[in-house]
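>>> Got a predicted model here, sequence first, then my questions.
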Amino acid sequence: MSPHHHKAAVRRFQLVNLTDFDPPPSAKKARLSLQQPSSSGSSATGRLPGTLWPFFTRSTAKQNKSHYSAFCNACTLAGANVKVLGVSDSMKSHLQKCPHVSEAVHAWAKDWTKDSEPFVSEDAEDSGAMTPHQSALQRFMPLKDVAMSVIQQEEFHMLLLQGTVSGNLPFSWIDNEYIQAAFAIARPTAVLPSRRALSEKLLKKAVLVMSEKVEAGLATSKQGIYTLKTINITSSAKNGDKTYELVKQEIETIESVHKIPVIAVVSDAAGEAAKAQRLLILWRPDILTLDCFSHQFNLSVGDYLNKKKTDHRYIDVVSNAVDLASWWIRHSVPYGMLQERQLDVLGKTCALTLPVVTRWGSPYSAMKALVSNERCMLLLVLEKRDALRDSVGKKPGPRATADIDVGPLHRL
């Protein structure tokens, strides 16, 4: 039981713009020529990024509650990877003493104010000789030739973890040879975590960070949905008394440690949960005890569609549809012919699926796929019925089985 449930926000990777950037021949003294950012490079607040930001690359994660980190472009080109707080004072101070920019930049930064004009290199004869401006949240540096700092590497790994979880991907995707080859082209110096590191070390670290955020959010009464605790009861008794004790312990912890009053408890309607609710009412009659609405709705639909109770024709329709989908899926040759017909008719392939009892949305997805393939199936049966029959059995003995196998085809 928990009064809250957390849904993690996921950041997006920032785009890399390398099309027009021509790196200097030497990284020891990077003379950066910069243009005034255009309106397209404005921030989400409508303000221009400012004339200091073209010298820096902004991090994707905030260094504190209000500001991002800023990585000096010139230092990164020289392999130093220096990070400062992304505010004017910090960036100005760094440029005044950065060993990887010219003296002209030092002098410009020393006199810089918020009203200062963008820095223009003395070597630039016209605006065309200047490097393109940096659009908001985009890098124009040759990143593939620059090694990541330790902080950037950690941030990169955490983004990979967040993308894995939010995309519902298996942790093994990171070990796929094609994925690794793609990253090698995009950023050869990037070090990818292994499947084990992603699923263990990084995941545990993310859980710890999130737990700290939850504690901070609860301490400041910040509105949100949080997961306080998950309990593994695999080896425990599944009965009402045990469930009640676990719920009681969590309520006491929430109210005594986090100082948050518990006003309601939601559970499914299984026997042990129902008994736990009754015991909870006796202990704390001031707490509402509710059944999970989605579970109740699912049970109600199940009762309505129960053939023994209502004799609803939906059961026969779905049964026939499942038989039809199963026939195509179990026979590889007809299924391959169907996929070829899909390309001709639909311009793409559309996989058939079967309903899964524990996934409530799967019957709808399975029926939707069948409806989408109706025209393809009809055309294929009309054009190649004999070929379809022969593909499921040619020997005299199993011919009766083959006739049964093609039974779903006669329903088309």
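Everything's here; your move. Remember, predicted model here, so these are calculated numbers, not experimental data. Residues are numbered from 1 along each chain as shown.
>>> isn't there a strand covering Thr57?
Yes - according to DSSP: H, G, I helix; E, B strand; the rest coil, Thr57 belongs to a strand.
>>> shouldn't Tyr354 be in contact with Ser326?
One thing to correct before we go on: residue 354 is Leu, not Tyr. Yes - using Cβ atoms under 8 Å, Leu354 is in contact with Ser326, at 6.2 Å. In this view, the C-beta of every residue, glycine as well, is placed from N, C-alpha and C.
>>> And what about Val266, helix, strand or coil?
Taking three-state DSSP as the rule, one finds Val266 in the strand state.
>>> Tell me the spatial nearest neighbour of it, not counting adjacent residues.
If you skip the residues right next to it in sequence, Val266 has Leu290 as its closest partner in space, 4.9 Å away by Cβ to Cβ, 6 or more residues apart in numbering.
>>> Backbone dihedrals for the one you found, please?
Here is the backbone geometry of Leu290 (degrees, to the nearest 10): phi -120, psi 150.
>>> Can you get me a residue count around it?
11 (other Cβ atoms under 10 Å).
>>> what's near enough to touch it?
With contacts defined as Cβ atoms under 8 Å, 6 or more residues apart in numbering, the neighbours of Leu290 are 264-267.
>>> Can you say which of those are buried?
The neighbour count (16 or more other Cβ atoms under 10 Å) marks 265-267 as buried among the contacts of Leu290.
>>> Let me know the helix or strand that Trp280 is in.
Not Trp; residue 280 is Leu. helix 271-283 (DSSP states H and E).
>>> How confident is the prediction for the one residue sitting closest to the centre of the chain, by pLDDT?
Nearest to the mean C-alpha position of the chain, by Cα atoms, centre = their mean, lies Ser166 at 2.4 Å. Note for Ser166: predicted pLDDT of 86.
>>> that older thread, turn the contacts of Leu290 into CSV, including pLDDT and distance to Leu77.
CSV is the format used below for the contacts of Leu290 (pLDDT from 0 to 100; distance: Cβ to Cβ, whole Å):
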residue, pLDDT, distance to Leu77
Ala264, 92, 57
Val265, 92, 58
Val266, 90, 55
Ser267, 87, 58
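>>> out of these, who's nearest Thr243?
Distances from Thr243 to the contacts of Leu290, taken as Cβ to Cβ, are shortest for Ser267 (7.9 Å).
>>> Could you find the closest non-adjacent residue to the closest one?
Nearest non-adjacent residue to Ser267, counting by Cβ to Cβ, 6+ apart: Ala273, 4.2 Å away.
>>> so what's that neighbour up against?
So Ala273 contacts 240, 243, 267 (Cβ under 8 Å, 6+ apart).
>>> With respect to Asn81, which of the residues you listed is nearest?
Ser267 (50.9 Å).
>>> show me the contacts for the closest one.
Ser267 neighbours (Cβ under 8 Å, 6+ apart): 1, 243, 273, 276-277, 289-292.
>>> Show me which pair in those is furthest apart.
Spanning the widest gap among these are Thr243 and Leu290, at 15.1 Å by Cβ to Cβ.
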